[in-house]
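Visitor: based on what follows, work out the 3D shape:
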Amino acid sequence: MTWRDISLVFSLPLDAVTVPALHRRFADDVALALTGDKQPTVAALRWPMVKSRQIDQSKTAAGIVVKQRVEHCAPAMVVFGKNTQEWIGDLSSRRCLVVDEIDAFLQRPLGKRALWHDLLAFKAGSNDE
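Guide: This next block holds a predicted model:
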């Protein structure tokens, strides 16, 4: 596995129409640290997806859609936030690192040092596969 085979998964603020610039810059920096590539592919999932009464927009339906999206992610994932992890569900079939929400790192810059150590350990573990 190369480190280009990684997905960064995080939730966005509810009022976000696009990925906020700070979130995107942070994701770019994490991708650069792990893969050497500063232009990761970004796929956003918005909920509700459409405005229609005929399409199920329940929490259960949202969970199904999130799980389907994650199935198309890379084999290795960095998941930002336990809340995000709960939406994804079982991650035992993937190489996965779950860390705090991106906003936590943006609000507490000292937490970035711990994240950096976690990312290095996660990257070093790729040699096992």
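Visitor: all contacts plus neighbour counts: C-alpha atoms, from now on.
Guide: Will do.
Visitor: sec struct for Cys96, please.
Guide: strand (DSSP: H, G, I helix; E, B strand; the rest coil).
Visitor: next one: phi and psi at the residue nearest to it when sequence neighbours are not counted?
Guide: Excluding the flanking residues, the one nearest Cys96 by C-alpha to C-alpha, 6 or more residues apart in numbering is Met77, at 4.8 Å. Phi and psi for Met77, reported as degrees, to the nearest 10, are phi -140, psi 140.
Visitor: likewise for Ala27?
Guide: The phi/psi pair for Ala27 (degrees, to the nearest 10) is phi -60, psi -40.
Visitor: tally of neighbours for it?
Guide: 20 (other C-alpha atoms under 10 Å).
Visitor: from Arg53, how far off is it?
Guide: To Arg53, Ala27 is 35 Å away according to C-alpha to C-alpha, to the nearest Å.
Visitor: ok so, going back, I'd say the residue nearest to Cys96 and Ala31 touch.
Guide: No - counting by C-alpha atoms under 8 Å, Met77 stays clear of Ala31, with 10.9 Å between them.
Visitor: overlap in contacts, the two.
Guide: Counting by C-alpha atoms under 8 Å, 6 or more residues apart in numbering, the contacts common to Met77 and Ala31 are Leu8.
Visitor: does Val17 count as helix, strand or coil?
Guide: Under three-state DSSP, Val17 comes out as coil.
Visitor: show me where the protein has its helices.
Guide: Assigned by DSSP state H, the helices in the chain fall at 21-35, 59-71, 82-88, 102-107, 111-124.
Visitor: where does the chain dip in pLDDT?
Guide: 1-4, 13-14, 38-51, 126-129 (pLDDT under 70).
Visitor: at 80 what do you get?
Guide: When residues are selected by pLDDT under 80, those of the chain lie in 1-5, 12-18, 36-53, 57, 126-129.
Visitor: let's check: the centremost residue of it is which one?
Guide: Val9 (1.0 Å; C-alpha atoms, centre = their mean).
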